[in-house]
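>>> this one's sequence-less:
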Ligand SMILES: Cc1cc2nc3c(=O)[nH]c(=O)nc-3n(C[C@H](O)[C@H](O)[C@H](O)COP(=O)(O)OP(=O)(O)OC[C@H]3O[C@@H](n4cnc5c(N)ncnc54)[C@H](O)[C@@H]3O)c2cc1C
């Protein structure tokens, strides 16, 4: 791997997501050698992936090179590789580019899409967890528009223009709103040979309301905003199957659709090698104590989505969102320095800063500890929070400019099929 031997202890981080980069930033420039390994050479700002899928933003405004994040950090190295397994007895990792030893290991590998065992949905559905997947969705939406414009068969045209989104959490709601904006503002201008009413956006949610993890107030407002945009919301609806053409559900709703976007769940993305009982079955997350130490290991830590810290306030672990990952990464950065210098570590306590989701171009819902609000002001708050959270000044400026331009012109500037998506069927 070409990492120099050093007299400092070596900390290896697997994953440059929110948890990994915030940990790396806090532990930088200390008497510690830090090696960050990721299978991608960039950090992905997942909360805005849906804007790439719906042609609102270019992918490079929500992704940021990991080497650039680390460029001023002394004794810090980045390696582009996939970690394949951990040998905890030898304190060694096996990766796609060779082996590396560690004194301390930090696992921050996040989650992957969960299809709940349905192979057909896995084959034909469109996940949205990574930048290339968001680009696939963008291409498919635009390819469907192009195909619909030359299709004479009415039913086939409808199937091309039926977009089914499964999962009414923030991701599904935000994506449904953004695709509705394409229908309302782009289709009538760019595709004058299509009838906008032929395009339908379905949002299917298994629980009784959209945004089930937010307040009832947020759910009601989001449903109202979605229906104003023309999105057809079906709650208490579980998708049973999708064969690339037809969606079947438990509520006997059947839809003909060339596009099913799967935003219905995630599961942990662990690395092979640790004792099986440190993983919690259903969630695939590592059980950690209040210092993020993986159960049974003194020098192995897990952070963010992949970790499961059960506390009185969070008996099922913290929510799998950015804030716990960021806060755990920052605290472990300080704690590891303490541990190495023989000082006591501080227990993790999650500060819930609230949750929010945007619906369309100028509406959002926000749940804070004491206040709940929705509408235009909420959308403003949503924009500000997301802009500030983006990594890199350049990305903030570009996204700000894009949003301003889109808002004034009702436009989505990234309507490009750069790399056509080939459906299997
Ligand atoms: C579409 C979408 C929208 C979201 N919207 C929001 C939102 O609005 N607000 C919010 O708070 N949260 C949101 N989230 C959740 C949030 O993005 C996650 O909670 C957060 O990214 C978790 O951070 P993490 O560091 O644990 O993992 P991640 O950010 O997922 O990072 C994991 C990293 O590990 C790397 N990796 C994985 N396995 C390996 C391996 N074996 N070898 C090498 N590298 C590996 C990956 O390449 C990745 O870079 C959203 C998530 C998605 C998918």
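Happy to help now that I have it. Since this is a predicted model, take the numbers as computed values, not measurements.
>>> Need the pLDDT of the residue nearest to residue 243 when sequence neighbours are not counted.
Excluding its sequence neighbours, the residue lying closest to residue 243 (C-beta to C-beta, 6 or more residues apart in numbering) is residue 120, at 5.9 Å. In this view, the C-beta of every residue, glycine as well, is placed from N, C-alpha and C. On pLDDT, residue 120 comes in at 96.
>>> I'd like the next helix or strand past the helix or strand where residue 120 lies.
Per DSSP states H and E: residue 120 is located in helix 119-124. On the C-terminal side of helix 119-124, the closest following helix or strand by DSSP H and E is strand 126-127.
>>> near the ligand, anything from that following strand?
No: applying C-beta under 6 Å from any ligand atom, one finds strand 126-127 separated from the ligand by no less than 8.8 Å.
>>> measure the most centrally placed residue in the chain to residue 325 for me?
Among the residues of the chain, the one closest to the centroid is residue 46, at 3.7 Å (C-alpha atoms, centre = their mean). The gap separating residue 46 from residue 325 is 10 Å, by C-beta to C-beta, to the nearest Å.
>>> Next, show the common contact partners of the two.
Residues touching both residue 46 and residue 325 (C-beta atoms under 8 Å, 6 or more residues apart in numbering) are residue 17.
>>> Now do whichever helix or strand residue 203 is part of: distance to the chain's middle.
In this structure, residue 203 sits in strand 200-204 according to DSSP H and E. How far strand 200-204 lies from its chain's middle: 20 Å, per C-alpha atoms, centre = their mean, to the nearest Å.
>>> got the contact list for residue 209?
Counting by C-beta under 8 Å, 6+ apart, residue 209 makes contact with 168, 216, 219, 220, 223, 235.
>>> again but with residue 15, I slipped
Taking C-beta under 8 Å, 6+ apart as the test, what residue 15 contacts is 37, 38, 107, 108, 109, 110, 304, 306.
>>> same deal with residue 1?
35, 79, 81, 95, 97, 98, 99, 100.
>>> Doesn't residue 51 lie inside a helix?
Yes: assessed by DSSP: H, G, I helix; E, B strand; the rest coil, residue 51 belongs to a helix.
>>> For it, give me the pLDDT.
96.
>>> Equivalent analysis for residue 414, please.
Value for residue 414, per-residue pLDDT: 86.
>>> With the one 10 residues further on instead?
Residue 424 carries a pLDDT score of 70 in this model.
>>> does it sit in a helix, a strand or a coil?
Here residue 424 is coil, with the state taken from three-state DSSP.
>>> do you know how far the nearest residue to it once chain neighbours are set aside is from the ligand?
Excluding the flanking residues, the one nearest residue 424 by C-beta to C-beta, 6+ apart is residue 123, at 6.4 Å. According to C-beta to the nearest ligand atom, to the nearest Å, residue 123 and the ligand sit 20 Å apart.
>>> Count the residues that sit near residue 123.
Neighbourhood size, residue 123 [other C-beta atoms under 10 Å]: 13.
>>> Would you mind listing what in the stretch 251-400 of the chain touches the ligand?
So the stretch 251-400 of the chain meets the ligand at 269, 271, 304, 305, 306, 320, 321, 322, 323, 325 (C-beta under 6 Å from any ligand atom).
>>> and with 5 Å instead?
304, 305, 320, 321, 322, 325 (C-beta under 5 Å from any ligand atom).
>>> and which of these is nearest residue 247?
Closest approach to residue 247 among these (C-beta to C-beta): residue 320, at 25.9 Å.
>>> quick one: contacts for that closest one?
The contact partners of residue 320, by C-beta under 8 Å, 6+ apart, come to 111, 266, 305.
>>> Filter these down to the ones in helices?
Among the contacts of residue 320, no residue falls in helices (DSSP state H).
>>> Any quick PyMOL command for the buried ones out of the residues you listed?
Buried subset of the contacts of residue 320, written as a PyMOL selection, criterion 16 or more other C-beta atoms under 10 Å:
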select buried, resi 111+266+305
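>>> Where does the stretch 101-250 of the chain get nearest to the ligand, residue-wise?
Residue nearest to the ligand within the stretch 101-250 of the chain (C-beta to the nearest ligand atom): residue 110, separated by 2.4 Å.
>>> Point out where the chain drops to low pLDDT.
425 (pLDDT under 70).
>>> how about the helices in it?
18-27, 49-53, 66-69, 119-124, 131-149, 154-161, 170-181, 187-190, 216-229, 322-340, 376-389, 393-409.
>>> Let's have those in CSV, adding distance to residue 357.
Output for those, formatted as CSV (distance: least, C-beta to C-beta, whole Å):
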stretch, distance to residue 357
helix 18-27, 18
helix 49-53, 10
helix 66-69, 27
helix 119-124, 24
helix 131-149, 17
helix 154-161, 25
helix 170-181, 4
helix 187-190, 24
helix 216-229, 6
helix 322-340, 13
helix 376-389, 8
helix 393-409, 16
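>>> now for those helices, which one comes closest to residue 243?
Comparing these by C-beta to C-beta, helix 119-124 comes nearest, at 5.9 Å.
>>> list the helices and strands that closest one packs on?
With contacts defined as 3 or more C-beta pairs under 8 Å, 6 or more residues apart in numbering; DSSP states H and E, the packing partners of helix 119-124 are strand 239-242, strand 259-262.
>>> Of all those strands, which one is nearest residue 73?
Of all these, strand 259-262 sits nearest to residue 73, with 36.9 Å by C-beta to C-beta.
>>> and the closest residue to the ligand within the stretch 251-400 of the chain, what does it touch?
Relative to the ligand, the nearest point of the stretch 251-400 of the chain is residue 304 (2.3 Å; C-beta to the nearest ligand atom). Residues near residue 304 by C-beta under 8 Å, 6+ apart: 15, 17, 18, 19, 20, 108, 110, 324, 325, 328, 329.
>>> if you set the cut-off to 6 Å instead, what comes out?
Under the criterion of C-beta atoms under 6 Å, 6 or more residues apart in numbering, the neighbours of residue 304 are 19, 108, 325.
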